[in-house]
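Chemist: Here is a sequence together with a model predicted from it:
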Amino acid sequence: MKQKFVTLLFLLIPLIVNAQKDPFIESWNKDQLDSLKAEWINSIGNDTIHMRISRSLGWYYQEVDRDSSFYFYSIQLNLARKLKLKLWEADALDLGGYVLTQLKNYSLSLQYFIRAFDILENRECEKDIWFLSQFSKENDPQKARLTCLASTFNDISDLYFITGNVEKTLYYLKSGFKTAQDINNVPLISINTLLLSRFYLYHNQIDSALKYLKISMNHIQISGYRTYEGDVLKRLGEIFVQKKDYKSAKYYFHESISANLAQHNEVSNAATLYDLANLYSIVGNPDSAFYYLHQLLQLTRNINENTLLIKAYADLYTLHKNTGNRDSAYFYLQIYSTLNDSMNRAEKESLNAYQNVAFKQQIEKDAEEKRRLKKENSTRTYFLLAGILVCLIITFLIFRNNVIRKNANQILEFQKSEIEKQKKNIEETLNNLKSTQSQLIQAEKMASLGELTAGIAHEIQNPLNFVNNFAEVNVELIEELETEANKGNLEEVKLLAKDIKENETKINHHGKRADAIVKNMLQHSRKTSGQKELTDLNGLCDEYLRLSYHGLRAKDKSFNAEFETKFDAALAPINVVPQDVGRVILNLINNAFYAVNERQKKEQNSGYKPLVTLTTSQQGDQVVIQVTDNGTGMPEQVKEKIFQPFFTTKPTGEGTGLGLSLSYDIVKAHGGEIKVEVTEGEGTEFVILLPITNS
């Protein structure tokens, strides 16, 4: 059973990866995360598959939770070394180096990049590349190596930009641009030109920055890789701020936030929130500045962006000071000072360690150059001596045969001595390399996989706080108004009524804001970019049934249930989005297993046998998929709400209430229908009807 599951999993992963336009640049969304995690857990024991899914999870968390991203890239690196897959090792070093740069571990980041270049500059790494299509759509080993090299050029330029090395930043950016152009890798060109625009914008070369932003946006649209689309829009906003065109700047910042939310790029979103708050401070709108800074504080606590966090506290101090809120200003000043001192110390230590690595690298280069010159001089000397010896042998061959023989023996002894010296030098170099490798492995930090903090309550907390606060203030103002009215003080009554009206306006504004957040999140949860293709539903159902069962077994060893399939062997493939339909099937099966497991817990000694049945058939011009369980069932009033968003029968913390709602939307998008039949206390049956002629 386990071997079959691993085989099915191996076949499933190419299906998911091939749905992306470029195999090297991965882009995953929240909807795919649970499936990735389940596949990652179930691939333990199969090193190559586990390594590959670790890379995918590293890409997902790259701009969401960098500690988690580094954790998965470290697993990829260790498995690549274990399997002696050089290109996969270089790829893990590059991706891990990028994340380490963002985590401000500059010394270890530089060591990662140096090792990656050591591998990629040697064409030997083009041999025996496992799963070559991950790095090259054309299955070209040279393009695979150059793709990794172009990516490493881009990422090390980011390290040198952050540490202030202008010359090396520009050198590696241009090297990355040329390499990506040579292999026509459109996503890498879009990333490289985005980095070039940042470089020129930082040096106030606005025209050059705009030029590369246009190139970057063009290549983003061509490639369909939109993770950094929000960064492009953010940079455009920064340019318009410099030009004092605040209306255009505000437009691009809001567009950036929309793009970042769509692509789940929380790091870029945090930076844009800061720029938007700064813009409102410039135009004299402190309320909006406060609002976006507080949103930024909420976000940075999840993504560990300490630099932005410190800037936010500094701006909150300034805003409270300028608006006369001394207590709040002092509060934020204390937080800012503490965090800033701590970060400055950490930054200084990181930069010192980085400079030591760079200095050590330069020493090694100088030593290597000396060794090369020494070897060349030795070679010239050997050739000269050999020429002299040949002349001597020819000249004195007849008369000094014994002397020549003696000289030849001396030469052989000399060569033997030199060989021994070279051998000793090589052994010392090898030992040094092994020692360095051991130190690098020990220095790697295995970060814990952080839990995702998602939910509408978190998103709408700020506007709800505003509504509650203004409502409380209005209660107090109404009491004051009644007092003044009793006194006959009409002027004071008018002023208080005006304040109440303004507060009601703000309550209305923030209420609409909360409503908009909910609607946006609902719309976002329904997005899909999948393409329909002819799909064997029997194979798809069987695959996800076993994926669900083994996934639940991996989470809960005590879980056990019977399952059976009744597939129509004559069922022809139909045109659907396999990932989306697979999600629906997986969700229904998970719910079925959950129901039978709950009933088994309640009826442990009753002889109850949990059973889940999956059936496929064809009825006229429709394909029917039935998921049946003999679990707990549900009351009639629950059945009526079962497809409503956020409605769940599971205990708090075990369900979001979105699974069946999303499944309903997916089936409807395919022109089909989903129904539920329930017998309370005896079981549930979900029926999916999909048209055969859908396009």
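Modeler: That came through, no problem.
Chemist: Pull the contacting residues for Lys668.
Modeler: If you count contacts by CB atoms under 8 Å, 6 or more residues apart in numbering, Lys668 has them with Ile674. Every residue, glycine included, has its C-beta placed from N, CA and C.
Chemist: what about Leu397, neighbour count?
Modeler: 10 (other CB atoms under 10 Å).
Chemist: measure the spatially closest residue to it that is not a sequence neighbour to Glu413 for me?
Modeler: Leaving aside its sequence neighbours, Leu397 sits nearest to Ile404 (CB to CB, 6 or more residues apart in numbering; 6.7 Å). Ile404 sits 15 Å away from Glu413, going by CB to CB, to the nearest Å.
Chemist: And for Tyr280?
Modeler: 83 Å.
Chemist: Looking at the two, which is more packed in?
Modeler: Tyr280 (21 against 10).
Chemist: May I have the secondary structure class of the more buried one?
Modeler: Classification of Tyr280 by DSSP: H, G, I helix; E, B strand; the rest coil places it in helix.
Chemist: What residues does it make contact with?
Modeler: Counting by CB under 8 Å, 6+ apart, the residues that Tyr280 touches are 286, 288-289, 292.
Chemist: 10 Å - rerun?
Modeler: 246, 250, 253, 286-293, 319 (CB atoms under 10 Å, 6 or more residues apart in numbering).
Chemist: Kindly state the pLDDT recorded for it?
Modeler: Note for Tyr280: predicted pLDDT of 93.
Chemist: now Asn508
Modeler: 84.
Chemist: So it is in contact with Ala471, correct?
Modeler: No: with contact defined as CB atoms under 10 Å, Asn508 does not reach Ala471; the gap is 11.4 Å.
Chemist: Break this protein down into its domains, please.
Modeler: If you go by automatic domain parsing, the domain ranges for the chain are 228-326+335-348, 456-525, 533-691.
Chemist: Dump those into a markdown table; add distance to Phe135 as well.
Modeler: Shown next, in a markdown table, are the domains of the chain (distance: least, CB to CB, whole Å):
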| stretch | distance to Phe135 |
| --- | --- |
| domain 228-326+335-348 | 20 |
| domain 456-525 | 31 |
| domain 533-691 | 23 |
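Chemist: Please name whichever of the ones you listed is nearest to Glu39.
Modeler: Nearest to Glu39, of all the domains of the chain, is domain 533-691, at 7.7 Å by CB to CB.
Chemist: Low-confidence regions, the stretch 451-600 of the chain specifically.
Modeler: 451-463, 513-530 (pLDDT under 70).
Chemist: how many neighbours does the residue nearest to Leu397 have?
Modeler: 18.
Chemist: Look up how far Lys416 lies from it.
Modeler: In terms of CB to CB, Ile404 sits 19 Å off from Lys416.
Chemist: Per-residue pLDDT of the residue of the chain positioned farthest from its centre, please?
Modeler: For the chain, the largest distance from the centre (CA atoms, centre = their mean) belongs to Phe399, which lies 80.4 Å off. The model reports Phe399 with a pLDDT of 72.
Chemist: Which strand or helix spans it?
Modeler: Per DSSP states H and E, Phe399 falls between elements, in no helix or strand.
Chemist: Equivalent analysis for Gln111, please.
Modeler: Assessed by DSSP H and E, Gln111 sits inside helix 106-120.
Chemist: other SSEs contacting that helix?
Modeler: Packed against helix 106-120, as judged by 3 or more CB pairs under 10 Å, 6 or more residues apart in numbering; DSSP states H and E, are the following elements: helix 66-83, helix 86-102, helix 141-162, helix 326-396, helix 401-443.
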